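[1] I would like to see how this sequence folds:
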Amino acid sequence: MSAPHPSFELGPAIMFVPADRPDRYAKAAERADAVIIDLEDAVLPADRPAARQALVETPLDPARTIVRVNPVGTEDFAEDLEALTRTEYTTVMLAKAESAQQLDSLHGYRVIALCETALGVREAADIAQTEPVVALMWGAEDLIASLGGLSSRFPHEHDRAGQYRDVTRAARAQILLAAGAAGKAAVDAVHLDLADHDGLRAEAEDAVACGFSATACLHPAQVPVIRQAYRPSSGQVDWATRVLEAAASQGAVGAFSLDGRMVDEVVLQQARIIQRRHAAAAEEPTRE
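    This next block holds a predicted model:
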C-alpha cells in the first residue's frame, strides 16, 4: 500500500468553473478545496479568446488552482499555453491525454493528465510515468464517446440504475492502478447528476476506500458531500489510534493480535493513512 502523495495536496473536492465565467472564480475558490478553470469543454470555441483573457485578468491563488487546457496538437492548446505564460499558474490539466510524448510540451508545469478516451486509458501507465505528471484523472462521458457508445451509466429502469457500466468501471480502475503504480495521485471523475447527492456520496466513499486522492465536481452543493466522504469517521480514527498505540507498545515485534484481528504492516499502513486523512481534514478551512 502506497503512502499519500506529498506532491498532490489539492483535494479532496476539486471544482470545475468555466474560464469564460470569471464572476464564478471567487465563489468556487471559497467553496472548494481547489478550482479547475476550464478552457476546454466548458467554453464554446468562439468564446475561448475571451476566456483566456479572463484567466489572465482574474487571478486566483496559484497553489489552489488548476487550469484545464485543450488537447495537444490543437490551435487552442498553443493559445492556452501562451495565456498561461501571463499568469502565475503552474498546475495544468491536460484534456484528452493520449501519450507520454504529449507531455513534452508541458515541462515546467505540474500536470494532471486527463485520460478520457480509449487510447488515453490504454496509455495511462506510460503517461503516469512521465516527470511532469503529478496525478491522473479519468472522464466517463468522453471515454464512452470515444468508443462510439451512448451512456456511461445504466438507465433508471435498470436494476443497477445510475451505476457505471462495466466498461466504465474498468477504465476507472485502470486509471487508479496506473497512477498508483507510478506513485502518483488519482482524481475521480465528476458526478453529472447534480441533484443525486446519494449517488455522489456512494461514489466518493468508494473512491477514498480504493485510494483516490480527490474527486472532481461541477457545483458548490457537491463539495460538502465529497469532503464528508473523504473524512475518516470517528470510529475509523479511534480504531487507527488504538492500532498504532498497540503497535508502539509492542516495540519491534512483528505481527500481533488486537481485538481478535491480526495486525501486520499492511494494517499499520491503513491506520497511518486514516490518521493522516483525519489530520488533513482538521486543518482544512471550512468552505461549506
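[2] When you work out contacts or count neighbours from here on, use the C-alpha atoms and nothing else.
    Fine.
[3] ok so Val92 is a helix residue?
    No: read with DSSP: H, G, I helix; E, B strand; the rest coil, Val92 is strand and lies in no helix.
[4] For it, give the beta-bridge partners.
    Residues in a beta bridge with Val92, per DSSP bridges, are Val67, Val111.
[5] from what I can see it touches Ile66, true?
    Yes: between Val92 and Ile66 there is a contact under C-alpha atoms under 8 Å: 5.1 Å.
[6] Over to the residue sitting nearest the centre point of the chain. Which of the three states is it?
    Geometric centre of the chain, nearest residue: Val187, 2.0 Å, by C-alpha atoms, centre = their mean. Three-state call for Val187 (three-state DSSP): strand.
[7] wouldn't it be in contact with Trp138 here?
    Yes: counting by C-alpha under 8 Å, Val187 does reach Trp138; the two are 7.3 Å apart.
[8] Can you point out the buried residues in stretch 17-25?
    Counting neighbours by 16 or more other C-alpha atoms under 10 Å, one finds that the buried residues in stretch 17-25 are Val17, Pro18, Ala19, Asp20, Arg21, Pro22, Tyr25.
[9] Relative to Cys210, how far out is the second one?
    Going back to what we said before, that points to Pro18. 29 Å (C-alpha to C-alpha, to the nearest Å).
[10] Please apply the same query to the fourth one.
    Taking C-alpha to C-alpha as the measure, Asp20 and Cys210 are separated by 35 Å.
[11] circling back to that earlier point, looking at the buried residues of stretch 17-25, which is nearest Ala202?
    Val17 (23.5 Å; C-alpha to C-alpha).
[12] Quick one: residues contacting the closest one.
    By C-alpha atoms under 8 Å, 6 or more residues apart in numbering, the residues touching Val17 are Arg24, Tyr25, Ala28, Val35, Ile36, Ile37, Asp38, Ala42, Leu218.
[13] Could you report the pLDDT at the third one?
    As summarised for this prediction, Ala28 has a pLDDT of 97.
[14] CA atoms only: put the one helix or strand it maps to into CSV for me.
    Taking DSSP states H and E as the criterion, Ala28 maps to helix 25-31. Only the C-alpha atoms of helix 25-31 are listed here, as CSV (Å, rounded to 0.1, in the frame of the first residue of the first chain):
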residue,chain,number,x,y,z
TYR,A,25,-14.0,32.1,-9.9
ALA,A,26,-14.0,33.5,-6.4
LYS,A,27,-17.1,31.7,-5.3
ALA,A,28,-15.6,28.4,-6.5
ALA,A,29,-12.4,29.1,-4.6
GLU,A,30,-14.4,29.9,-1.5
ARG,A,31,-16.3,26.6,-1.5
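[15] Just list what it packs against, helices and strands only.
    Using 3 or more C-alpha pairs under 8 Å, 6 or more residues apart in numbering; DSSP states H and E as the contact test, the elements touching helix 25-31 are strand 13-18, strand 34-38.
[16] Let me have those strands in CSV, extended by distance to Ile112.
    Formatted as CSV, those follow (distance: least, C-alpha to C-alpha, whole Å):
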stretch, distance to Ile112
strand 13-18, 12
strand 34-38, 11
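[17] so can I have TSV of those strands showing mean pLDDT and distance to Gln174?
    Formatted as TSV, the helices and strands packed on helix 25-31 follow (pLDDT from 0 to 100; distance: least, C-alpha to C-alpha, whole Å):
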stretch	mean pLDDT	distance to Gln174
strand 13-18	98	21
strand 34-38	98	23
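[18] Cool, thanks, talk later.
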